[in-house]
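# Kindly return the folded structure for what I paste below:
(one chain, ligands or ions: 1)
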Amino acid sequence: MKWQYPLSDIDLGREEEREVLKVLRSKWLSTGPVTERFEKAYSHYLGGGFAVAVSNGTAALHLALACMDLRQGDEVILPSLTFVATANAVLYVGGRPIFADIVSTDDLNISPEEIEKKVSKRTKAILVMHYGGYPCDMESILAIAKQHRLHVVEDAAHAPGAQYHGEKCGTLGTMGCFSFFSNKNLVTGEGGMVFTRNQAFAERVRTMRSHGMKALSWDKYRGHLSSYDIGDLGYNYRTTEIQSALGLVQLKKLNRNNQKRRKLVEAYRRELEEVEGILIPFSRYGTGPSYHLFSILISPSVPRDRVMEGLRGHGIQTSIHYPPIHLFSLYRRQFGYKKGMLPKTEEVSRREVTLPLHPGMDGDDVCWIAKKLRGVIRNLKQGRV
Ligand SMILES: Cc1ncc(COP(=O)(O)O)c(C=O)c1O
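Residues are numbered from 1 along each chain as shown. Presented below is the predicted three-dimensional model:
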């Protein structure tokens, strides 16, 4: 289906074309000098530290958690209102995911109070996700982590460029994991980044990214090494020079595009704030978020699926962020998780609708979408649909 208003779209232009062409002409396509430049630029953007580019955001999470040296059954506390990759990464390293509820229907991030309740002797780490690019309450979360000597890993897939008290999301915990998937604020098609200020962790991630080898093919090509040792179990989570070339250009556009997103969100709020039947979360945020998603909650008295269907009829693509992970068959079967365990998460999952948001939109697009949404809700309330 060709949407008149897709949920997301990519800001790609001549500069990306030019840089990708340069890579193709260089004939070095796997991780190499362009990736090194991307890593340097990204760590500089985040305020200094170590950035390691990987094949996608899931790989970034896997490698970050692999550094935590979990033993079978060790626990990681995380939200359920996130993409399944966040929790799957815990399973990859033999951990047990312990889900904590969100703060409220206004703040869809993991609740520090709920985290505190779930800390046990087996807890090894807290894995937070900045929902929609709105930073979690990191001050409280870091205080809990400090008290119990836990690592904090940030799933910052939604949050490139988001700031929390002047510091970038993804730099606040022990490790930050980014995704550059095609619908994200910074896009390389597939791609990811691990950020840390811990040099030992950075080196481990760098090694595990390429089979546990200390050297890359690029190093061998440059004559730096002819043999290698394997110290850690590794994977092939390398990225390509094409992705890194895209990333370098996209990084230059990130702040500007996040500001465009902010203006669109402000316009949505103006258009929808007073509408009966709609609640707009994250009402108390200032200028820090990266505005990855624009989420609304539909009143329980209005059928959410019918709202989405109505918008679809107008060519407006919508989505749900997210079905709760603890209720997926895999998680129920493996860990015995049940409905009712996380009431706020489950309520938001039933009511949430994500509306189109990307830097290619303008204020008129927002007005049009909001007008159609108001019409759909009005008709549903009056029983006309
Ligand atoms: C919150 C969250 N975590 C992790 C991921 C995984 O990233 P990727 O698709 O790059 O593997 C995504 C995105 O797709 C995501 O939205």
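# Going by C-alpha atoms from here, please, whenever you check contacts or count neighbours.
Will do.
# contacting residues for the residue most central in space within the chain?
With distances taken as CA atoms, centre = their mean, residue 157 lies nearest the centre of the chain, 2.1 Å away. Contact partners of residue 157, counting by CA atoms under 8 Å, 6 or more residues apart in numbering, are 57, 129, 130, 177, 178, 179, 180, 184.
# Scan those residues and report the most crowded one.
For those, the largest neighbour count, defined by other CA atoms under 10 Å, is 35 neighbours, found at residue 177.
# Quick one: residues contacting it.
For residue 177, the set of contacting residues under the criterion of CA under 8 Å, 6+ apart consists of 57, 60-61, 64, 153-157, 170, 192-195.
# and the ligand, which of those reach it?
Among the contacts of residue 177, proximity to the ligand is found for 57, 155, 157, 192 (CA under 6 Å from any ligand atom).
# circling back: output the contacts of residue 177 in TSV, with secondary structure and pLDDT appended to each entry.
Putting the contacts of residue 177 into TSV (DSSP: H, G, I helix; E, B strand; the rest coil; pLDDT from 0 to 100) gives the following:
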residue	secondary structure	pLDDT
57	helix	98
60	helix	98
61	helix	98
64	helix	98
153	strand	98
154	strand	98
155	strand	98
156	coil	98
157	coil	98
170	coil	98
192	strand	98
193	strand	98
194	strand	98
195	strand	98
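# Pull out the buried members of the residues you listed.
In terms of neighbour count (16 or more other CA atoms under 10 Å), the buried residues within the contacts of residue 177 are 57, 60-61, 64, 153-157, 170, 192-195.
# Next, give me the two most distant ones among the residues you listed.
Taking CA to CA, the two most distant members of the buried ones among the contacts of residue 177 are 153 and 192; they sit 14.7 Å apart.
# Now residue 90, what are its backbone angles?
As for residue 90, its main-chain torsions (degrees, to the nearest 10) stand at phi -70, psi -40.
# doesn't residue 59 fall inside a helix?
Yes: residue assignment for residue 59, taken from DSSP: H, G, I helix; E, B strand; the rest coil, places it within a helix.
# Pull out the buried positions in the longest helix seen in the chain.
Among the elements of type helix in the chain, defined by DSSP state H, the one spanning the most residues is helix 241-272. Buried positions in helix 241-272, judged by neighbour count with 16+ other CA under 10 Å: 241-251, 254-255, 257-265, 267-269, 271-272.
# top strand in the chain by residue count?
When the chain is parsed with DSSP state E, its longest strand is strand 123-129.
# Next SSE downstream of that one?
Per DSSP states H and E, the first helix or strand lying C-terminal to strand 123-129 is helix 138-148.
# picking that back up, now, among the ones next to the ligand among the contacts of residue 177, which is nearest to the ligand?
Each of these was checked against the ligand using CA to the nearest ligand atom; the closest is residue 57, at 3.5 Å.
# Give me the nearest residue to the closest one, chain neighbours excluded.
Of all residues beyond its chain neighbours, the one nearest residue 57 is residue 179 (3.9 Å), with distances taken as CA to CA, 6 or more residues apart in numbering.
# Within range of the ligand, give me the residues from the stretch 1-150 of the chain.
With CA under 6 Å from any ligand atom as the criterion, the stretch 1-150 of the chain meets the ligand at residues 56, 57, 58, 82, 83, 85, 86.
# Mind doing that once more with 5 Å?
When proximity is defined by CA under 5 Å from any ligand atom, the stretch 1-150 of the chain lies next to the ligand at 56, 57, 58, 83, 85.
# for the second one, what are its contacts?
Shown here is residue 57, whose contacts under the criterion CA under 8 Å, 6+ apart are 157, 177, 178, 179, 180, 181, 191, 192, 193.
# which among these gets closest to residue 44?
Nearest to residue 44 among these, with distances taken as CA to CA, is residue 193, at 13.3 Å.
# which residue sits closest to the closest one in space, ignoring its chain neighbours?
The shortest distance from residue 193 to any residue that is not its chain neighbour, by CA to CA, 6+ apart, is 4.4 Å, and that residue is residue 53.
# so how far is the host helix or strand of residue 23 from its chain's centroid?
Using DSSP H and E, residue 23 sits within helix 14-26. For helix 14-26, the distance between its averaged C-alpha position and the chain's averaged C-alpha position is 27 Å (CA atoms, centre = their mean, to the nearest Å).
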